[in-house]
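Student: build the 3D model from these lines:
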Amino acid sequence: MHDHAPPSGGFRQGSTRRLLAVSLAITSTVFVVQVVGAVLSGSLALLADAAHMLMDAAALVIALIAGAVAARPADDRRTFGYQRAEVFGALVNGVILLVVSVWVAIEAVLRLVSPAEPEVSGDLMLVVATVGLLANGIAMWLLSSAQKHNINARGAYLEVLGDLLGSIAVIVAAVVIIATGWVAADAVASLLIAAMIVPRAIGLLREVASVLSEATPKDIRVQEIRDHILATDGVTDVHDVHVWQLTRGAPVFSAHVVVAEDAFETGESTAILTRLQTCLAEHFDVEHSTFQLEAAGHVEHDTHG
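Tutor: Purely as a prediction, here's the structure:
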């Protein structure tokens, strides 16, 4: 598992799992506060944001479980280990986000088309939403570094970001209700929360699909890798280059490399292999690379070449 410690100092320099656990504690606490506040104030937006917080808490639990599973060592049945568990956890997170957005949108529309205007306490909405804003800000700060290296931390970060934006929407709606008495602002804020959830969910699911389809990571240029390989001393050609990733930040590389015919007899092939693996690790941050060295005149392309 790529459970890197965030590069910044302070409390954030803990493991991803610890940061997820702290974020889970914050999210769960704010969820309870928002549910109580929604019931007392009659705010749909606050209740929708609370439902989003509940889904985020569930997503964080999934992320923690997936991270623990991904940390298990490789075995004969799963030679790459269990790092893909992180991807499946992120898949569940993305689906949860979409379900929440649909639920929020339906409830908001029903509130808007209802002829009777419900009573909504703008003052209580404002207080509870402000608490949520501060808590989500802290959770985002904790996850800001880890999300660059871990796909589940990325999913959790995006969900907390959505919560923060949702809290802002609730705050704006509360101010409008307090200033003008227009309670429909509560339902409008709910629709905005739903609209903010959908793009984040689609983006996360798109990344999951990219990993599961074994597409080349978007930050890696295959032609650039080819150029580096061809520039390596002793290499005459390269073909059948494949790059994919097990999970976010875990790229895997393989290629067939053609070397001089006498490289195997002189022992130069070992030095060439070392240079190639060092090049991939230093220039492209690829820790797992596999090279098949072939003597010139004996080039065998695979079926997908």
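Student: quick one, strands of the stretch 101-250 of the chain?
Tutor: Taking DSSP state E, counting those that start in this stretch as the test, the strands found in the stretch 101-250 of the chain are 235-245.
Student: below-threshold pLDDT in it: ranges please.
Tutor: 115-118, 151-152, 249 (pLDDT under 70).
Student: domain parsing for the protein?
Tutor: 10-212, 222-295 (automatic domain parsing).
Student: quickly compare these and say which is most buried.
Tutor: Comparing the domains of the chain by mean neighbour count (mean count of other CB atoms under 10 Å), domain 10-212 comes out on top with a mean of 20. Any C-beta I mention is one placed from the backbone N, CA and C, and that applies to glycine too.
Student: now that one: how far from the chain's centre is it?
Tutor: In terms of CA atoms, centre = their mean, to the nearest Å, the centre of domain 10-212 is found 13 Å from the chain centre.
Student: ok, now stretch 255-264?
Tutor: Mean-position distance between stretch 255-264 and its chain equals 40 Å (CA atoms, centre = their mean).
Student: which other residues reach it?
Tutor: Contacts of stretch 255-264 with the rest of the structure, by CB atoms under 8 Å, 6 or more residues apart in numbering, involve 229, 234-242, 268-269, 272, 276, 290-297, 299-302.
Student: could you redo the last one with a cut-off of 7 Å?
Tutor: Contact with stretch 255-264 is made by 229, 234-241, 269, 272, 276, 291-297, 299, as judged by CB atoms under 7 Å, 6 or more residues apart in numbering.
Student: nearest residue to the residue nearest to the spatial centre of the chain in space, please, no chain neighbours.
Tutor: In the chain, the residue lying closest to the centroid (CA atoms, centre = their mean) is Arg154, at 2.8 Å. Distance criterion CB to CB, 6 or more residues apart in numbering; nearest residue to Arg154, sequence neighbours excluded, is Gln147 at 4.4 Å.
Student: hang on, that neighbour packs against Ala153?
Tutor: Yes. Between Gln147 and Ala153 there is a contact at 4.4 Å, judged by CB atoms under 7 Å.
Student: roughly how far does Val128 sit from Asp237?
Tutor: Noted for Val128: a distance of 65 Å to Asp237, by CB to CB, to the nearest Å.
Student: cool, His283 as well?
Tutor: 20 Å.
Student: what do you get for Val222?
Tutor: In this structure, Val222 and Asp237 are 15 Å apart, going by CB to CB.
Student: can I have stretch 170-181 written out in CSV, keeping just the CAs?
Tutor: These are the backbone C-alpha positions of stretch 170-181, laid out as CSV (Å, rounded to 0.1, in the frame of the first residue of the first chain):
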residue,chain,number,x,y,z
VAL,A,170,-26.2,26.6,4.0
ILE,A,171,-24.7,29.7,5.5
VAL,A,172,-25.7,31.9,2.5
ALA,A,173,-29.2,30.4,2.7
ALA,A,174,-29.5,31.1,6.4
VAL,A,175,-28.4,34.7,5.9
VAL,A,176,-31.0,35.2,3.1
ILE,A,177,-33.7,33.7,5.4
ILE,A,178,-32.7,36.0,8.3
ALA,A,179,-32.6,39.1,6.1
THR,A,180,-35.6,38.5,3.8
GLY,A,181,-37.7,35.7,5.2
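Student: other residues contacting it?
Tutor: Outside stretch 170-181, the residues within contact range by CB under 7 Å, 6+ apart are 45-46, 49, 120, 122-123, 125-126, 129-130, 133, 182-183, 185-186, 188-189.
Student: again with stretch 100-114
Tutor: For stretch 100-114, contacts defined as CB under 7 Å, 6+ apart pick out 44, 48, 51-52, 55, 184, 187, 190-191, 193-194, 197-198, 201.
Student: now do stretch 62-78
Tutor: 1, 3, 16-17, 20-21, 80-83, 85-86, 88-89, 92-93, 152, 155-156.
Student: show me those residues that map onto helices.
Tutor: With DSSP state H as the criterion, helices contain 16-17, 20-21, 85-86, 88-89, 92-93, 152, 155-156 from among those.
Student: could you dump these to JSON lines with distance to Ala59?
Tutor: Output for the ones in helices among the contacts of stretch 62-78, formatted as JSON lines (distance: CB to CB, whole Å):
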{"residue": "Thr16", "distance to Ala59": "14"}
{"residue": "Arg17", "distance to Ala59": "14"}
{"residue": "Leu20", "distance to Ala59": "10"}
{"residue": "Ala21", "distance to Ala59": "13"}
{"residue": "Ala85", "distance to Ala59": "14"}
{"residue": "Glu86", "distance to Ala59": "13"}
{"residue": "Phe88", "distance to Ala59": "13"}
{"residue": "Gly89", "distance to Ala59": "8"}
{"residue": "Val92", "distance to Ala59": "7"}
{"residue": "Asn93", "distance to Ala59": "4"}
{"residue": "Asn152", "distance to Ala59": "9"}
{"residue": "Gly155", "distance to Ala59": "6"}
{"residue": "Ala156", "distance to Ala59": "6"}
